[in-house]
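A.B. asks: model this:
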Amino acid sequence: MSVPRAGPRVLVQYVVLRGDLSRAPLSWPLGALVAQACHAATAALHVYRAHPDTAAYLGDLGSMRKVVLEIPDEAALKALATHLQQESVDHTLWLEQPENTPTCLALRPYPKDEVNSHLRKLKLLK
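C.D. replies: Modelled structure (predicted):
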């Protein structure tokens, strides 16, 4: 009897964006929000470019998967960043300049099951 082989590992890059940036009183335009997510995702890929999962993720551009999640505000984003750091989850917190404002964070690519427990309370960005 043969043992079924596991398929290729599915890698996902999670991006977590502050939801309050789009609402009053901040009311950032959509393009600015998209730029924050792009900055964070690109920075995480660059910082962790030597990790085998990042290399595998970038090696198959047509199969990239990203999940963009929403977090309520700056305090919650900072708390998540601290939690991820304590749990040794590789990520990059994006700080918009020149204000030094935390806007978004992105994890390096991970298998979903390795990081779900840290992100399961967050919803998809709407």
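A.B. asks: next one: phi and psi at the closest residue in space to residue 45 that isn't next to it in sequence?
C.D. replies: Setting aside the residues directly before and after it, residue 45 is nearest to residue 54 in space (CB to CB, 6 or more residues apart in numbering), at 6.1 Å. Just so you know, the C-beta spots here come from the backbone N, C-alpha and C atoms, and that holds for glycine as well. When read as degrees, to the nearest 10, the backbone of residue 54 gives phi -70, psi -40.
A.B. asks: Am I right that residue 54 is in contact with residue 48?
C.D. replies: Yes - with contact defined as CB atoms under 8 Å, residue 54 counts as touching residue 48 (4.8 Å).
A.B. asks: Need the residues touching each of these two.
C.D. replies: residue 108 (CB atoms under 8 Å, 6 or more residues apart in numbering).
A.B. asks: picking up where we left off before, so what pLDDT did the residue nearest to residue 45 get?
C.D. replies: Per-residue pLDDT puts residue 54 at 97.
A.B. asks: who's in contact with it?
C.D. replies: Residues in contact with residue 54, defined by CB under 8 Å, 6+ apart, are 45, 48, 108-109.
A.B. asks: From residue 46, how far off is residue 62?
C.D. replies: 21 Å (CB to CB, to the nearest Å).
A.B. asks: Comparing those two, which shows the higher neighbour count?
C.D. replies: Between residue 62 and residue 46, counted using other CB atoms under 10 Å, the more crowded position is residue 46 (11 against 4).
A.B. asks: Could you give the number of residues near residue 56?
C.D. replies: Count around residue 56 with other CB under 10 Å applied: 14.
A.B. asks: just so I have it, where are all the helices in this protein?
C.D. replies: Ranges of helices in the chain, per DSSP state H, are 30-47, 52-58, 74-86, 112-119.
A.B. asks: Of all those helices, which one is nearest residue 22?
C.D. replies: Closest of the helices of the chain to residue 22 is helix 30-47, at 6.0 Å (criterion: CB to CB).
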